[in-house]
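J.: Fold the stuff below for me.
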Amino acid sequence: MTHDHLANETVWSAEGALFYIPEISKRCSGDTRLAGRNLGFVSGYAFAPFVFFDGEGSDTTPGKSTLQFGVKSEVQVFGGLFDAQHFSFNPYYQTDFNFEAEIYGISASWKPVKLDYGLNGFRKSGRVFQPSWTFVAEADYRSVHTAGKSGLVAGTEYGWFGAIIGASVDIIPKAANPLFAKAEYHAFHDVTNGVSATRVVGELGMFLNADKRSALTLKYENGKNYSDLTDAEKTTLTFKLAF
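T.: Sure, this is the predicted structure:
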């Protein structure tokens, strides 16, 4: 939250998510040494109800906001062409912070892992510089019954397909906290309405402990976010804590 004294305006933004993982989930029990099998096998899965929220506005404008309730379903497959593959299917109901919007949708993603090539991960090593590559294919269909403060158009269906590609590097010095840097390009196309949305994201950060559960990050974003068609350029400094 920031306040502009000259314009006498307070601007706010909020983003986060909550997940609950029930007992029916299965943690990964496979061994990456078995990933060379010709046929893949399911090594783990999870079904997690979630709440996701993201919004921004001010005391003079209503802004845009997203509030989603759904179930995140993930399956991991070992073997085959890749060391592992992560599949995700997420049906959801979406509204806004004022509960005015009514939107139904489902999203899906595919994330392949090839450790020797650093694709979406890398094997542990003692090297100071540990580079990796990112590729994630995504699809998102949503039907807007009531737009509310979502920034979308009522009575419209959206069918987004696209991918996130990027590169990152972890820097593990022997006598200092680990560092990381990454750059991503997001490219999506709405096949229903013929609209494209592209975005670049860059991030620099420092882990504050050895298990990488807390970090201080500086993030730069420029372009259009396909989820709410917001086109913006912003820089944020964030403290992250995982537990």
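J.: Could you check how far Gly121 is from Ala108?
T.: Look at Gly121 and Ala108: by Cβ to Cβ, to the nearest Å, they are 21 Å apart. Every C-beta, even on glycine, is put in place using the N, C-alpha and C of the backbone.
J.: nope, Gly223 is what I was after
T.: Gly223 sits 22 Å away from Ala108, taking Cβ to Cβ as the criterion.
J.: All the helices of the protein, in order from the start?
T.: Under the criterion DSSP state H, the chain contains no helices.
J.: lowest confidence element among the helices and strands of it?
T.: Lowest on mean pLDDT, DSSP states H and E among the helices and strands of the chain sits strand 2-4, with a mean of 83.
J.: Mind giving me the packing neighbours of that strand?
T.: Identification of packing neighbours for strand 2-4 by 3 or more Cβ pairs under 8 Å, 6 or more residues apart in numbering; DSSP states H and E yields strand 9-19.
J.: List the strands paired with the strand it packs on, with their directions.
T.: Paired with strand 9-19 in the same sheet, following DSSP bridges, are strand 2-4 (antiparallel), strand 41-58 (antiparallel).
J.: a markdown table please, covering those and showing mean neighbour count.
T.: Compiled in a markdown table, the strands paired with strand 9-19 are given as follows (neighbours: other Cβ atoms under 10 Å):
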| stretch | mean neighbour count |
| --- | --- |
| strand 2-4 | 10 |
| strand 41-58 | 17 |
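J.: mean pLDDT lowest for which of those strands?
T.: Of all the strands paired with strand 9-19, mean pLDDT reaches its minimum on strand 2-4 (a mean of 83).
J.: So which residues make contact with it?
T.: For strand 2-4, the external contacting residues (Cβ atoms under 8 Å, 6 or more residues apart in numbering) are Glu9, Thr10, Val11.
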